[in-house]
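Chemist: pasting the sequence and the predicted coordinates here, then a few questions.
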Amino acid sequence: MSENIWGYQPTTGYTPGHSLVGFKVEATDGHIGKVDKHSDDVGAAYLVVDTGVWIFGKHVLLPAGTVVRVDAAEEKIYVDRTKEQIKDAPEFDKDKHIGDAGNHDEIGGYYGRPLA
């Protein structure tokens, strides 16, 4: 796992400045939604994923360090977590948690744990 959960690894194929909005997001065990918002700020990069009906229309925040591959041609992003791990992540409300350092730390701590 990346030492910096909030940064894209060079091996992902992500090009800084390239918009990922609308890309489909794939967990290790299937599709989880599409990117609603993203940031590539150094040390604070993330994806906000609209899960649609999968977890009742909620949004989840995925730190950039969970991304293993970006396929620009297919407009897909692959992450190194299962659907269950993403579903069990700390609550994220995009209207109140964007820019909330406490929520950022909680989510970073959750995803920064070793993979099970």
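Modeler: Great, that's in hand.

Chemist: thought Asp80 was touching Ala64?
Modeler: No: using C-beta atoms under 8 Å, Asp80 makes no contact with Ala64, being 11.7 Å away. Just so you know, the C-beta spots here come from the backbone N, C-alpha and C atoms, and that holds for glycine as well.

Chemist: just checking, what's the longest strand in the chain?
Modeler: strand 30-39 (DSSP state E).

Chemist: neighbouring strands - and their directions - for the helix or strand that that one is followed by?
Modeler: Where DSSP states H and E defines the elements, the next helix or strand beyond strand 30-39 is strand 46-50. In the sheet, strand 46-50 lines up against strand 30-39 (antiparallel), strand 59-63 (antiparallel) (DSSP bridges).

Chemist: for Gly109, what are its contacts?
Modeler: Gly109 makes contact with no residue, according to C-beta atoms under 8 Å, 6 or more residues apart in numbering.

Chemist: model confidence for the residue sitting furthest away from the middle of the chain, exactly?
Modeler: Most distant residue from the mean C-alpha position of the chain: Ala73, 19.1 Å away (C-alpha atoms, centre = their mean). The model reports Ala73 with a pLDDT of 95.

Chemist: so it sits in a helix?
Modeler: No: if the criterion is DSSP: H, G, I helix; E, B strand; the rest coil, then Ala73 is coil and not within a helix.
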